[in-house]
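Asker: Mind looking at a prediction? Sequence and model below.
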Protein chains: 2
Amino acid sequence: MVTDVLESCRSCVYSSELFEGLSEEELEFLVNYTSYRSFRKGEIVFLQGDEIRYISFLKKGLLKVFKQDHESRGQIISIAKPNDCVGLLSVFSNHQHQYSIAALEDSLIYYIELTAVHHILRKNGNFGIRLLGRISRAADTIINNAFDISRKNIRGRIAFILHEFSEDIYKKDEFDLPVSRKEIGELIGMTTENVIRVFSEFRRDGIIEIKGKTIRILNKSLLQTLEKFG
Amino acid sequence: MVTDVLESCRSCVYSSELFEGLSEEELEFLVNYTSYRSFRKGEIVFLQGDEIRYISFLKKGLLKVFKQDHESRGQIISIAKPNDCVGLLSVFSNHQHQYSIAALEDSLIYYIELTAVHHILRKNGNFGIRLLGRISRAADTIINNAFDISRKNIRGRIAFILHEFSEDIYKKDEFDLPVSRKEIGELIGMTTENVIRVFSEFRRDGIIEIKGKTIRILNKSLLQTLEKFG
DNA sequence: CGCGGCTTTGATGTTCATCAAGTAAAGTGG
DNA sequence: CCACTTTACTTGATGAACATCAAAGCCGCG
């Protein structure tokens, strides 16, 4: 049983470019401080304010990273894909998580204890450089997305998010939305009603086909135009 | 002359918590790869797309970090204050700057060659950890600001930005705006006209006093209320 | 001195949020 | 498994917030 975890974890660790350049002992060390857990769709992984004790890797599934502001509506910061380090942004600047994480699909997460990561960081500067790259890229992506979206109109935003699901996440023209209409609204800053309205509009215009959560993209080039100029 | 630079730089380097824990030799080494330059108000420090060769510290002055999208209006990502590392977010994830930087006031910037920073990073893991903290905090701030602003109305946004200038940047109730009305619009995502309209409204309501670029805050508590609920 | 950019105000129009109301789907407890 | 409740989805009508357009005064600069 234990060896299963370690072997699985080891292959996971090896597969990430983040850990290239670590010595055999260093990898062994990290593996000893690594655990894992699976989450059902809808489960909370951790909450804003929880103490940070691990670096978490999403191995399988899909997560949403979000902020819940007091009584106001929530906001989704980003969607994490397999091989993403979730919550990485706050790990080195805070003791508590700044965002909450929930599973959008059944997911598997590997945890490496933060103390162990720090230990390696102190010994292996190249690992720090890789981690710096990883964090910078994550931040860049979030910031660019946020600013890109903010200057699009609602049609452009829906086109953007359909593009993201189709090209980045599922890499297919037909896919099941892992989120509700409401969550799409929280992701791109518009109301649920308008998300639905634009979906319907796109359907009427023959741009997409909708069957509940299932979306099929029919006119990709028009969608791209809408994303660009919307 | 050279010693001037080194001494000045050294005091700068020492003063930053980022470099705590570096050995005497390491500091000496970094100082040898450090240079500096002053910029006049309005000057470009570097442009989106320029090769990244330095880590840049703002020692004195004020900078704007912005994106210029083809023909569309520009967007200001953030304003850098003294002791900020500018462009840090892109340093470890890209070879080119992702944003442009311009001086809003006469400014003084210290440059440490990136190769030298990498050299220290490889040798001193604790330095990497500090740098990770720094980058995380910078990203956190930008992301939080962006999301905070996005759910405020125009009055709340102006209240927010006045608060930022008064409390974070100048730490005074009266200050000279270092930016045009247009730039304020680019910073908080609204049109120049509406920036002006809200300014005038705040003036009429006795919340602020305006003399050209000079702003004096008269009713701080009302401004806070507007920021919170706007 | 005149030109271009910045500032200001007003009038107009569009976009989007809100409100309302109804249908469908998905949990929940007996 | 079925009635019941809740949550998600959908459409339409209305209004508020904000962008856009227009016009004029102001300021700095070559």
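Answerer: That came in fine, so what should we check first? Worth saying up front: this structure is predicted, and the values here are computed from it rather than measured. Numbering: from 1, shown residues only, chains lettered A, B, ... in the order given.

Asker: and the residue nearest to A:Leu131 when sequence neighbours are not counted, what helix or strand is that in?
Answerer: Closest residue to A:Leu131 apart from its sequence neighbours, by Cβ to Cβ, 6 or more residues apart in numbering or on different chains: B:Leu132 at 6.4 Å. (C-beta placed from N, C-alpha, C; glycine too.) Here B:Leu132 is covered by helix B:125-150, with elements defined by DSSP states H and E.

Asker: For that helix, which helices and strands make contact with it?
Answerer: Secondary-structure packing of helix B:125-150 (3 or more Cβ pairs under 8 Å, 6 or more residues apart in numbering or on different chains; DSSP states H and E): strand A:75-80, helix A:88-91, helix A:114-123, helix A:125-150, strand B:75-80, helix B:88-91, helix B:114-123, helix B:154-163.

Asker: of all of chain A, which residue lies closest to chain B?
Answerer: A:Gly128 (2.7 Å; Cβ to the nearest Cβ).

Asker: got a list of what the closest residue in space to that residue that isn't next to it in sequence touches?
Answerer: Once flanking residues are discounted, A:Gly128 sits nearest to B:Gly128: 2.7 Å by Cβ to Cβ, 6+ apart. Counting by Cβ atoms under 8 Å, 6 or more residues apart in numbering or on different chains, B:Gly128 touches A:Leu121, A:Gly125, A:Phe127, A:Gly128, A:Ile129, A:Leu131, A:Leu132, B:Leu121.

Asker: Spatially, which residue comes closest to the residue positioned nearest the centre of chain A, not counting chain neighbours?
Answerer: What sits nearest the mean C-alpha location of chain A, by Cα atoms, centre = their mean, is A:Ala80, with 1.0 Å. Sequence neighbours aside, A:Leu63 is the residue nearest to A:Ala80 in space, at 4.2 Å (criterion: Cβ to Cβ, 6+ apart).

Asker: Likewise for A:His97?
Answerer: The nearest residue in space to A:His97 (Cβ to Cβ, 6+ apart) is A:Asp50, at 5.0 Å.

Asker: before we move on, what about A:Asp148?
Answerer: Nearest non-adjacent residue to A:Asp148, counting by Cβ to Cβ, 6+ apart: A:Phe160, 7.2 Å away.

Asker: hang on, the earlier thing: dump the helices and strands packed on helix B:125-150 to CSV, plus mean pLDDT and distance to B:Gly21.
Answerer: Formatted as CSV, the helices and strands packed on helix B:125-150 follow (pLDDT from 0 to 100; distance: least, Cβ to Cβ, whole Å):
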stretch, mean pLDDT, distance to B:Gly21
strand A:75-80, 94, 32
helix A:88-91, 90, 19
helix A:114-123, 95, 11
helix A:125-150, 93, 13
strand B:75-80, 94, 24
helix B:88-91, 91, 19
helix B:114-123, 95, 11
helix B:154-163, 97, 34
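
Asker: Quick one: closest of the ones you listed to DNA strand C.
Answerer: Among those, the nearest to DNA strand C by Cβ to the nearest atom of the strand is helix A:125-150 (10.8 Å).

Asker: Confirm for me that A:Arg157 is in contact with A:Thr191.
Answerer: No. In this structure, A:Arg157 is not within contact of A:Thr191 by Cβ atoms under 8 Å, at 11.6 Å.

Asker: out of those two, which sits in the more crowded spot?
Answerer: Under the criterion of other Cβ atoms under 10 Å in any protein chain shown, the comparison of A:Arg157 against A:Thr191 puts A:Arg157 first, with 26 against 14.

Asker: show me the residues around the more buried one that make contact.
Answerer: A:Ile149, A:Ile188, A:Gly189, A:Met190, A:Gly230.

Asker: can you pick the most crowded of those residues?
Answerer: For the contacts of A:Arg157, neighbours were counted using other Cβ under 10 Å, and A:Ile188 has the most, 22 neighbours in all.

Asker: Quick check: the residue of chain A nearest DNA strand C.
Answerer: A:Asn153 (3.1 Å).

Asker: My read is that that residue contacts A:Gly230, right?
Answerer: Yes. A:Asn153 lies in contact with A:Gly230 (Cβ under 8 Å); the separation is 5.1 Å.

Asker: Around DNA strand D, pick out the residues from chain A.
Answerer: Residues of chain A lying near DNA strand D by Cβ under 7 Å from any atom of the strand: A:Ser180, A:Arg181, A:Lys182, A:Thr192, A:Glu193, A:Ile196, A:Arg197, A:Phe199, A:Ser200, A:Ile210, A:Gly212, A:Lys213.

Asker: does any bit of stretch A:86-103 sit next to DNA strand C?
Answerer: No. Using Cβ under 7 Å from any atom of the strand, stretch A:86-103 stays clear of DNA strand C, with a minimum separation of 13.5 Å.

Asker: May I have the distance across stretch A:144-156, first residue to last?
Answerer: Stretch A:144-156 has an end-to-end distance of 15 Å (criterion: Cα to Cα, to the nearest Å).

Asker: Identify the residues contacting that stretch?
Answerer: With Cβ under 8 Å, 6+ apart, stretch A:144-156 has contacts from A:78, A:157, A:160, A:188-190, A:194, A:198, A:201, A:226-230, B:67, B:69, B:72-73, B:75, B:77, B:98, B:143, B:146-147, B:150, B:189.

Asker: Can I get the buried ones among these as something I can paste into PyMOL?
Answerer: Buried residues among those (16 or more other Cβ atoms under 10 Å in any protein chain shown), as a PyMOL selection:
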select buried, (chain A and resi 78+157+160+188+189+190+194+198+226+227+230) or (chain B and resi 67+75+77+98+143+146+147+189)
